[in-house]
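A.B. asks: Need coordinates for the below:
(chains A and B)
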Protein chains: 2
Amino acid sequence: MKEKLNKLNALSAEIIDLTHIQALLGWDQQVLMPPGGTEDRGNQAALIGGMIHERMTSDEIGKLITDLETEIGDLTADTDEARTVKRIKRLYEQQTKIPKKLLVEFIKVTTAANNIWVKAKQDNDFASFQPILNRIFELRREIANLFKPYDHIYDPLLDQFEPGMKTADVKKIFDKLRPKQVELLEAISKSKQVDNSFLKQNYDQALQEKFGKHVITRYGYDWERGRLDIAPHPFTTEFSLGDVRITTRYLDDDGASALFSTMHEAGHAMYEQGLDKKYNRTALAGGTSLAIHESQSRLWENLVGRSKEFWTFFYPTFQMLFPQYLGDINLEKFYKGINHVEPSPIRVEADEATYNLHIMLRLEIEIGLIEQSMDTKDLPEIWNSKMKEYLGITPHNDSQGVLQDIHWSSGLVGYFSTYALGNLVSVQLWDKMLEENPNVSDEMMKGEFGTIHNWMREKVHQYGSKYDPQELVQKITGSKITPEPYLNYLSKKYSDIYNL
Amino acid sequence: MKEKLNKLNALSAEIIDLTHIQALLGWDQQVLMPPGGTEDRGNQAALIGGMIHERMTSDEIGKLITDLETEIGDLTADTDEARTVKRIKRLYEQQTKIPKKLLVEFIKVTTAANNIWVKAKQDNDFASFQPILNRIFELRREIANLFKPYDHIYDPLLDQFEPGMKTADVKKIFDKLRPKQVELLEAISKSKQVDNSFLKQNYDQALQEKFGKHVITRYGYDWERGRLDIAPHPFTTEFSLGDVRITTRYLDDDGASALFSTMHEAGHAMYEQGLDKKYNRTALAGGTSLAIHESQSRLWENLVGRSKEFWTFFYPTFQMLFPQYLGDINLEKFYKGINHVEPSPIRVEADEATYNLHIMLRLEIEIGLIEQSMDTKDLPEIWNSKMKEYLGITPHNDSQGVLQDIHWSSGLVGYFSTYALGNLVSVQLWDKMLEENPNVSDEMMKGEFGTIHNWMREKVHQYGSKYDPQELVQKITGSKITPEPYLNYLSKKYSDIYNL
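C.D. replies: This is a model prediction of the structure:
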């Protein structure tokens, strides 16, 4: 068994190397590459992508998995060996169940769809995007069908991003969440709005960068194993355990947006940096799911970064850097300003109180389209009526509505709900951490984040993807993913800010 | 034949893609990678390196070459087909003639040697480097022997970098060059030295960068297909025809060094950018040899960038940017300053009048060691006596002498002379270009470089590696690589500057 396991690990180490090489090709393209490089970079990425697929679906790996599964018996046993085989088996099946012909068609359709979407969004022309969007959902349905048996046809799509999560679970969670969030939003909308105009100014970019770096350095982001660059859409990427990079983008008309992006991405990056070294270049490396990843990013962005304790320490420095905008703004006003709530049509600009509602709407539409209880032709109408119902607003046009996100055009169906689940998990973890470490509030006011970071590393980061997400949350908090803690958090926070 | 050629081209396109991916791994490591990434980046580079070797030496390629050679007949025919097969055959033979075992040993020895050299150079301790240096030359000798028959055992080593060039040719060229260069240097040393102290100041880096970009933009470096970054050792690298990047490095105590580096690298890059599109991702892509490459970089750095015409246009701007150092310096003084001649122990800091002498010394030593007429034990003594003989100086120590260059520790034997050959070719091309375009001097004084760039693109760049270097020089200038034009150029230039 030892020998077979070593063989499997050696094969997967090379696949991981290829994945990291592919990540570098992508990172460079987004961060640095001159426009002329696009075409050949496509060839390079396709070459590596093909190699990954070929190796991941090789008979050699299939045979090793079958043999090792027999020898190990229970792949859910709490050993690295069992979990390694379980993880590789999952990846192997995901890649082998889809016939090459279908996969190639899917790649072709989504590559074309992406360009069509860019233009449709620009031109506010949903009709031009609708046929190919329809085709994408047809293909996704076809792919989902290959993963029978399932309880619900949407399950396999969700499972790609959130292993073990079922449609029924998410629905149940969201059904509890929705009315409470809508209710909270209504209460806020009836209260006196807080001012955030002092943030909507042209803050010096170099100083923003300096401050952002200062903050995440104190968080514990390891610069020996990372760097911060600029990209149009902030993201985190990993080329090895020793090289986990983040990007951010600075806005001319907002002094805090880049800062929160930086904290967010640092949260993702510290998760990857915190992996136990023994899992480096193994199948257990890397965060276990998107929701758990998002729990880390949202925790550092919101639970820490938008807290009064955090700013008790940092605000004097921030104010000193930008006296022209903040000279007259006291901590209390500043704190309220960065927690300003206002329903907006755009998900990525949404505040904590409205964010999840954007997600729920998307989940309902995805399920509707996959179940065929909705038709892509009716999407603009469905979108706008749900926006009205949940957020009380109607987008000006489809570009700001149903066309706003890149996900569907890239074939990403089943992805969105992980954003909301991540929010829930962030508070579940936070509460548990606070329970065990009641001094954390005081520490934050002193600019100390070691307790939080170490706790997350010990409970979450070190394991990589050894445990499935629900299993991990259960193991840490004693409960599955559940909405109550998040609702309590929102209610408490905004009652204070908006005097509810 | 068509079908086989297509197959061969498809295989080589993938090998080229892999080479470009490997280049990105290396570029990122030198320019951006945080220190923590080193170990795993090594794994990634080794993986891609192994794939390149495996594909390049595959039986499939070997068979295609044999078949196509029979069908084509004369591989030196002036068709793309013949030249493609010739080029791939060359690479195939270079890689297959060396047994894997020997190759692996060579890689291991040079990897170790590199670290030993770094430390030896730091500690000024040649004795600690000598045994492994000796081993490298033994291995290089063993490798050279695999390429029998040859006229001289050094030929195969030279041929790696300069296809078709023979030891006897280089010796003949250098034998003509040496006495004349030594003589010129003696004459200069007896003249009144020119002042360059105004350059040896701390020039603002941001302004240096702005000016450097301004210059190479006017040269015609294509920013849509490139970028300029900072790296400790300036270099040019190519990820595709659409993405040819350069690096430079700014010194705190020299205001022009980075500028000349930037021009130099832009010269390399414009060569790569100027390839005919039809050769992209084929075996004919990429410069044909190091000497031809160096002819382009030295041309833009020296023949253009250190000319009086160039500075007639640019000096007012440069002076405006740095009035604190240049306010009192007129064009004439400035021009002399950037062409200041002074024998120094360090090759990379050498001026035009002394540079080739550094090269000749190295070539003689390489040949001596490969022929076994010299012993690595005696190198410091040999080095210093030759330095005295050619340049009239003795290095303070071995770190500034025999230990200064990285090349030997990396296993690069046969490389150095291409630097000097490049200087010679640069003037041969320049003279021919001037003959056909007598207005170029006037154009340079107006900051116009289109005629030069277009001529180089038409005569040199577009062909990539279709023609062997000597063949290319012959085709363009009607002569082989020859030292007279360079000697005339030096003599004319320095007679003026030093009133000889």
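
A.B. asks: Assumed A:Lys247 was part of a helix.
C.D. replies: Check again: residue A:247 is Thr, not Lys. No - A:Thr247 sits outside any helix when classified using DSSP: H, G, I helix; E, B strand; the rest coil, being strand.

A.B. asks: With A:Tyr250 as the reference, measure out to the closest residue to it other than its chain neighbours.
C.D. replies: Once flanking residues are discounted, A:Thr247 sits nearest to A:Ala231: 3.7 Å by CB to CB, 6 or more residues apart in numbering or on different chains. From N, CA and C alone the C-beta is placed, and that goes for glycine too. Distance, A:Ala231 to A:Tyr250, using CB to CB, to the nearest Å: 11 Å.

A.B. asks: what about the residue nearest to the spatial centre of chain A, helix or strand, and which?
C.D. replies: With distances taken as CA atoms, centre = their mean, the residue of chain A nearest its centroid is A:Glu294 (4.3 Å). According to DSSP states H and E, A:Glu294 maps onto helix A:290-298.

A.B. asks: Tell me the pLDDT of A:Ser409.
C.D. replies: With respect to pLDDT, A:Ser409 scores 94.

A.B. asks: that older thread, are there helices or strands packed against the helix holding A:Glu294, and which ones?
C.D. replies: helix A:257-273, helix A:417-436, helix A:469-477 (3 or more CB pairs under 8 Å, 6 or more residues apart in numbering or on different chains; DSSP states H and E).

A.B. asks: Could you export those helices as JSON lines, including distance to chain B?
C.D. replies: Below are these laid out as JSON lines (distance: least, CB to the nearest CB, whole Å):
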{"stretch": "helix A:257-273", "distance to chain B": "9"}
{"stretch": "helix A:417-436", "distance to chain B": "26"}
{"stretch": "helix A:469-477", "distance to chain B": "25"}
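
A.B. asks: Nearest residue to the closest residue to chain B within the stretch 301-450 of chain A in space, please, no chain neighbours.
C.D. replies: Using CB to the nearest CB, A:Gly450 is the residue of the stretch 301-450 of chain A that sits closest to chain B, at 19.9 Å. Of all residues not flanking A:Gly450 in the chain, A:Gly220 sits nearest, at 6.9 Å (CB to CB, 6+ apart).

A.B. asks: mind listing what that neighbour touches?
C.D. replies: For A:Gly220, the contacting residues are A:Met270, A:Phe449, A:Gly450, A:His453, by CB atoms under 8 Å, 6 or more residues apart in numbering or on different chains.

A.B. asks: Strands of the stretch 151-300 of chain A, start to end?
C.D. replies: Secondary structure of the stretch 151-300 of chain A (DSSP state E, counting those that start in this stretch): strands at A:228-230, A:236-240, A:243-248.

A.B. asks: Make a markdown table out of these and add distance to A:Trp117.
C.D. replies: Formatted as a markdown table, the strands of the stretch 151-300 of chain A follow (distance: least, CB to CB, whole Å):
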| stretch | distance to A:Trp117 |
| --- | --- |
| strand A:228-230 | 24 |
| strand A:236-240 | 23 |
| strand A:243-248 | 22 |
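
A.B. asks: Where is the longest helix in chain A?
C.D. replies: helix A:2-31 (DSSP state H).

A.B. asks: Quickly check: that helix near chain B or not.
C.D. replies: Yes - contact of helix A:2-31 with chain B (CB under 8 Å from any CB of the partner chain) involves A:Ala13, A:Glu14, A:Asp17, A:Leu18, A:His20, A:Ile21, A:Leu24, A:Leu25, A:Asp28.

A.B. asks: Which elements pack onto the helix or strand just after that helix?
C.D. replies: Counting by DSSP H and E, the next helix or strand C-terminal to helix A:2-31 is helix A:38-56. Here helix A:38-56 touches helix A:2-31, helix A:80-96, helix B:2-31, strand B:236-240, going by 3+ CB pairs under 8 Å, 6+ apart.

A.B. asks: Tell me which of these is the most buried.
C.D. replies: Mean neighbour count (mean count of other CB atoms under 10 Å in any protein chain shown) peaks for strand B:236-240 among the helices and strands packed on helix A:38-56, with a mean of 24.

A.B. asks: Ignoring the adjacent residues along the chain, who's closest to the residue of the stretch 51-200 of chain A found nearest chain B?
C.D. replies: For the stretch 51-200 of chain A and chain B, the shortest gap (CB to the nearest CB) falls at A:Met51, measuring 8.1 Å. Closest residue to A:Met51 apart from its sequence neighbours, by CB to CB, 6+ apart: A:Leu18 at 5.7 Å.

A.B. asks: That neighbour contacts A:Glu54, correct?
C.D. replies: No - contact criterion CB atoms under 8 Å: A:Leu18 and A:Glu54 do not qualify, at 10.0 Å.

A.B. asks: from the helices and strands packed on helix A:290-298, which stretch is densest packed?
C.D. replies: For these, the largest average neighbour count (mean count of other CB under 10 Å) is found in helix A:257-273, namely a mean of 25.

A.B. asks: For that helix, name the packing helices and strands.
C.D. replies: Helices and strands touching helix A:257-273, by 3+ CB pairs under 8 Å, 6+ apart, are helix A:205-219, strand A:236-240, strand A:243-248, helix A:290-298, helix A:450-459.

A.B. asks: What about A:Thr288, how many residues nearby?
C.D. replies: By the measure other CB atoms under 10 Å in any protein chain shown, the count of residues near A:Thr288 is 24.

A.B. asks: That one and chain B: what is the separation?
C.D. replies: From A:Thr288 across to chain B, the span is 21 Å (CB to the nearest CB, to the nearest Å).

A.B. asks: and the residue nearest to that residue when sequence neighbours are not counted, what pLDDT?
C.D. replies: Nearest non-adjacent residue to A:Thr288, counting by CB to CB, 6+ apart: A:Ser465, 4.1 Å away. We have a pLDDT of 97 for A:Ser465.

A.B. asks: Look at A:Ser465 and tell me its secondary structure.
C.D. replies: In three-state terms, and counting by three-state DSSP, A:Ser465 is coil.

A.B. asks: Return the residues of the stretch 251-400 of chain A in contact with chain B.
C.D. replies: A:Asn280, A:Arg281.
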